[in-house]
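**Student:** predicted structure and sequence below. I'll ask about it afterward.
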Amino acid sequence: MISWDGGGVNSEWNEPANWNPNTIPSTADTARIAGDTAMITGAIVPPVQATEIGFGLASGGLVIAGDVNPAGLNVVSNVTVAGGGSLKLGGGGPADSQLNAGSLVTAGNVNVLQRGTIQLVGPFTQSAGTVALGDATLNAAAVATESGLFDATGSITGDVTIGNGDALTATLSPGVGIGDLAINGDLQFMSDGRLELQFTSNSRGDAFDTIAVSGTATLGGTLDLSVIGSGLPTPGVSYPLLTAEKLIGDFDDITGAGVGPGSWVPDFNVTNGLNVSYSVLRGDMNADDSVDEDDVELFARALRDEDSYHFDIYLNGFVAEAFMADMDLDGSNTFADIPLFLDAVTQSGGSAAAALAQIASVLSAVPEPPSALLICGMLGLAFFPAIKQQRSRGRRR
C-alpha cells in the first residue's frame, strides 16, 4: 500500500514526496488517496495495481486532466471511489484524459468531461453517489447503477442496467440540460430504476433529452417527464425520447404527465422505441385531436377511478392522462364534467344519448345494484337537458 500524504511541492501524482513512503506507486502497489486531492496533469503516470480514492468516510480526490499533452492512469485491477471520494477526468486543455482499469466501483462522485474516457475491461458499478458524463466516453463490459444518479451525455459501450430491485432509487438522466446519450449495447430499467427526461422550448424550437440504444431497451420502474426547462410543447408533435432496436415491457409508473393545460401522451413502439406527443384538448382521451364517440369509454373510466385509469390504461400508452376528463377545469373529475363532454361529442357529430348510455354503463359496472340504479337516475336527471338540446338542434335542421 502506498498512501498519499501530499507532502510534495505540488499536488502531482508524479511527485515522490506526495506519497508515503516517498516513492511513486507501481504495478506492485495499491495507491490510496485520502484527505487530499491528487493531480495527473498532462502526463501518463506509471501503472499501478489498484487505486482507492477516499477511504471509509474520509474524502479524497483524483483529477486526470490533459493539457497540451494527454493525461492518463493505467490500473491493473480495480479502482474504488468511496462515498467521500471524487474522480474527475477531462475538461482541461485540448489533449485527452483517460483512465484504463480492470473495473471501477463508486459510491462517491465521478465526473467525466469532454475529452475524458474511462476504459474498463470489466464492469463499472455505481452503488451510490453521482456519476456525470458530459459529452464523454465510458467503455465497460457492463454498466450498473444500483443507486444514485447517473447523469450522462456522450457515449457508453456496454450493457447498462439502472436499478437492482432493492428499492433504492437509481436514476438515469441525459445531462443537466438537454442532452443526448448513445448506448452501444442493451438498456434495462429494474423496478427501482428511474428515467428522467427533460423538455424545453425556446426561440430555436422544441427539444427533449434523447437516448439511442443499439440493442434492446427493457422498460420498468418510473418514467419522469416532470422536468420542464422552459416553454410548452407543441400539440400534436411527436417527440422521440428513446430509440432502440427492440422495446420490451412497460414502465411501472409515469410521473409529470401534466404540462401546462395539457397531457403528455406516451407512444410505445416495439420496433422504434418511446415517443411522446402533447394533447391540450379536454375530453380528447385518445389524443386524436377530436372529442368523439371513440373517447367515451376512456372518459368514463377516468371519471370512475383516476388511479385505475392511470395504472391500467395510461401506462400502456397512446392515451392522455385521466385529468383530461376534467372538462370544467375545476381540478377534479366529477359528474359536472359530463354535460360539457356530451356537448363536445355532439359537436363532432356523435350521439349524446348513446354516449350517455355508455358512460352510465361504465360508471355502474362496479357499484352494487342499488348504487348503480342511483347513478343511472342521477345521470338521467342531470343530463337530460344535453340530450334534449341535441334533439332540438336536429329539429331545426
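**Tutor:** Alright, I've got the coordinates.
**Student:** only C-alpha atoms from now on, for both contacts and neighbour counts.
**Tutor:** Will do.
**Student:** tell me the spacing between T145 and G129.
**Tutor:** Taking Cα to Cα, to the nearest Å as the measure, T145 and G129 are separated by 10 Å.
**Student:** domain ranges for this protein?
**Tutor:** Taking automatic domain parsing as the domain assignment, the ranges for the chain are 2-281, 282-397.
**Student:** T145 and G129: who's more crowded?
**Tutor:** T145 (27 against 22; other Cα atoms under 10 Å).
**Student:** ok, N202 - contacts?
**Tutor:** Applying Cα atoms under 8 Å, 6 or more residues apart in numbering, we find N202 in contact with S230, G231.
**Student:** now do the phi/psi pair for it.
**Tutor:** Main-chain dihedrals, N202, degrees, to the nearest 10: phi -150, psi -170.
**Student:** L168 contacts E146, correct?
**Tutor:** Yes: with contact defined as Cα atoms under 8 Å, L168 counts as touching E146 (7.5 Å).
**Student:** these two: who's more crowded?
**Tutor:** Neighbours were counted for L168 and for E146 using other Cα under 10 Å; E146 has more, 26 against 16.
**Student:** report the contact partners of the more buried one.
**Tutor:** Counting by Cα under 8 Å, 6+ apart, E146 makes contact with T125, Q126, S127, A128, I162, G163, N164, L168, T169, A170.
**Student:** next step: these restricted to strands.
**Tutor:** With strands defined by DSSP state E, the entries of the contacts of E146 inside them are T125, Q126, I162, A170.
**Student:** which two in these are spaced the farthest apart?
**Tutor:** By the measure Cα to Cα, T125 and A170 form the most distant pair in the ones in strands among the contacts of E146, at 11.9 Å.
**Student:** flag the shaky bits of the stretch 251-397 of the chain, pLDDT-wise.
**Tutor:** 366-397 (pLDDT under 70).
**Student:** again, only using 50
**Tutor:** Where the stretch 251-397 of the chain drops to pLDDT under 50, the residues are 368-371, 373-374, 381-382, 387-389, 391-397.
**Student:** report pLDDT for the nearest residue to A170 once chain neighbours are set aside.
**Tutor:** Closest residue to A170 apart from its sequence neighbours, by Cα to Cα, 6 or more residues apart in numbering: S147 at 4.1 Å. Turning to S147, the model gives it a pLDDT of 97.
**Student:** now do S147 against V79, distance only.
**Tutor:** With distances taken as Cα to Cα, S147 is found 18 Å from V79.
**Student:** same question for A107.
**Tutor:** Where V79 is concerned, A107 sits at a distance of 12 Å (Cα to Cα).
**Student:** next: S348.
**Tutor:** When S348 is compared with V79 (using Cα to Cα), they lie 65 Å apart.
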